[in-house]
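Student: got a predicted structure plus its sequence, pasted below:
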Amino acid sequence: APAHPLWPEIERVTLEQLQYARLGVEGGVWQLFAEDGEMKMYKREEEVDGLAVDPLKAVHTVKGVTGREMTHYFFSPDVRFEWETTLEQMKVLETIADDTLVILQIHKRVWPASQRDALFWSHVRRVPNDTDRDAQDIWIACNHSTEHHEAPSNEGKMVRVSLTVCLVCQTSIEPPSDGGPVTRDHLTCKITYCSVVNPGGWVPTSALRAVYKREYPKFLKRFTQYVKDRCDKQPILF
Ligand SMILES: O=S(=O)(CCO)c1ccc(-c2ccc(C3CCCC3)c([C@H]3C[C@H]3c3ccccn3)c2)cc1
């Protein structure tokens, strides 16, 4: 493994997030708050120091793409402005490896909250599926807040959110019965998107919950449609 001071944390958090995502929405603790076709969005209402820090878990099934393609476009900074409508600025502060970056993002002001930024490492990896032989490998992309010497400390200016986010994708292939080639019509990608965001500074709880209720379904719908459009008519990346 690459010798970088962040690497042990990246390894630990990524694998923890993988297990957390694979728990699904069992246990009756998750409250369904949005539904759109195959997409189901759940939350838990939690407060830390009086701030709403509601864990979110979304499950979705997308036809015609692979988990590698889905996590690739989620990870890639080059295309982020194509689908992330709440982004104002983004800077890759460090390229730790071709699958691991440190990113500083400034989000648009979302009334009534003041403008915020997010500083996090971003990692994408294939997790070999050691259980089910004929299943495809799992892909995970994970973003987790970090420190970085190159990020402004924002004295008195921007509020910094802290976040842990993961996108876990499992592809399945229903091969054509006539033994023909596998095309995108035979692909199904099961997605679990998890996020925990601490707004980092006071936002009225009801207003913050309204922002999430509006923004998260929009975000996941727009992102997954973006990937479908990008992959359409392109060679399949397994
Ligand atoms: O999955 S990612 O890594 C994708 C890379 O961008 C991710 C997702 C969401 C955020 C985020 C964090 C905090 C806020 C709030 C907190 C108080 C006021 C701003 C918002 C506001 C912009 C709203 C929002 C909420 C949910 C989804 C998208 N937009 C967004 C950051 C990164």
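Tutor: On my side now, so go ahead.
Student: okay, CA-based contacts and neighbour counts for the rest of this
Tutor: Fine.
Student: the longest strand seen in the chain pairs with which strands?
Tutor: Taking DSSP state E as the criterion, the chain has its longest strand at strand 159-173. Within its sheet, strand 159-173 is paired with strand 116-127 (parallel), strand 138-145 (antiparallel), strand 187-198 (antiparallel), according to DSSP bridges.
Student: deepest of those, which one?
Tutor: strand 138-145 (a mean of 25; mean count of other CA atoms under 10 Å).
Student: can you give me the strands for the protein?
Tutor: Using DSSP E, strands in the chain cover 31-36, 39-43, 47-48, 51-52, 56-63, 87-97, 100-107, 116-127, 138-145, 159-173, 187-198.
Student: does the third one reach the ligand?
Tutor: No. Strand 47-48 stays clear of the ligand (CA under 6 Å from any ligand atom), getting no nearer than 13.5 Å.
Student: which outside residues touch that strand?
Tutor: Defining contact as CA atoms under 8 Å, 6 or more residues apart in numbering, one finds that strand 47-48 is touched by 53-54.
Student: so where's the protein uncertain?
Tutor: 1-2, 155-156 (pLDDT under 70).
Student: what parts of it come near the ligand?
Tutor: 86, 107, 110, 113, 143, 165, 197, 199, 212, 215-216, 219.
Student: who wins on neighbours among the residues you listed?
Tutor: Asn143 (26 neighbours; other CA atoms under 10 Å).
Student: who touches that one in this structure?
Tutor: Going by CA under 8 Å, 6+ apart, Asn143 touches 120-123, 163-166.
Student: leaving out chain neighbours, which residue sits closest to Glu84?
Tutor: The spatially closest residue to Glu84, leaving aside those adjacent along the chain, is Phe219, at 6.9 Å (CA to CA, 6 or more residues apart in numbering).
Student: now swap in Val62 and tell me
Tutor: Cys189 (5.1 Å).
Student: could you give the bridge partners of the one you found?
Tutor: When bridges are called by DSSP bridges, Cys189 pairs up with Val62, Thr171.
Student: so it makes contact with Val59?
Tutor: No. Shown here, Cys189 and Val59 do not form a contact pair, counting by CA atoms under 8 Å, at 10.7 Å.
Student: the closest residue to Thr14 other than its chain neighbours and Pro112: what is the separation?
Tutor: In this structure, Thr14 finds its nearest non-sequential neighbour in Cys142, 6.0 Å apart by CA to CA, 6+ apart. Cys142 sits 28 Å away from Pro112, taking CA to CA, to the nearest Å as the criterion.
Student: one more: Ser206?
Tutor: 10 Å.
Student: again with Cys231
Tutor: Distance, Cys231 to Pro112, by CA to CA: 37 Å.
Student: so between the two, which is more surrounded?
Tutor: Neighbour totals were compared for Cys231 and Pro112, and Cys231 leads with 18 against 11 (other CA under 10 Å).
Student: identify the residues contacting that one.
Tutor: 65, 69.
Student: who's Leu56 bridged to?
Tutor: Lys43, Ser195.
Student: what's the neighbour count on His4?
Tutor: 10.
Student: likewise Met90?
Tutor: 18.
Student: give me the number of residues near Arg12?
Tutor: The local packing of Arg12 (other CA under 10 Å) involves 11 other residues.
Student: how close does it get to His144?
Tutor: For Arg12, the distance to His144 - CA to CA - is 11 Å.
Student: likewise Arg214?
Tutor: 23 Å.
Student: how about Leu15?
Tutor: Counting by CA to CA - Leu15 and His144 are separated by 12 Å.
Student: do the same with Val29
Tutor: 24 Å.
Student: out of the residues of the chain next to the ligand, who's nearest Glu94?
Tutor: Distance to Glu94 across those (CA to CA) is lowest for Asn143, with 14.0 Å.
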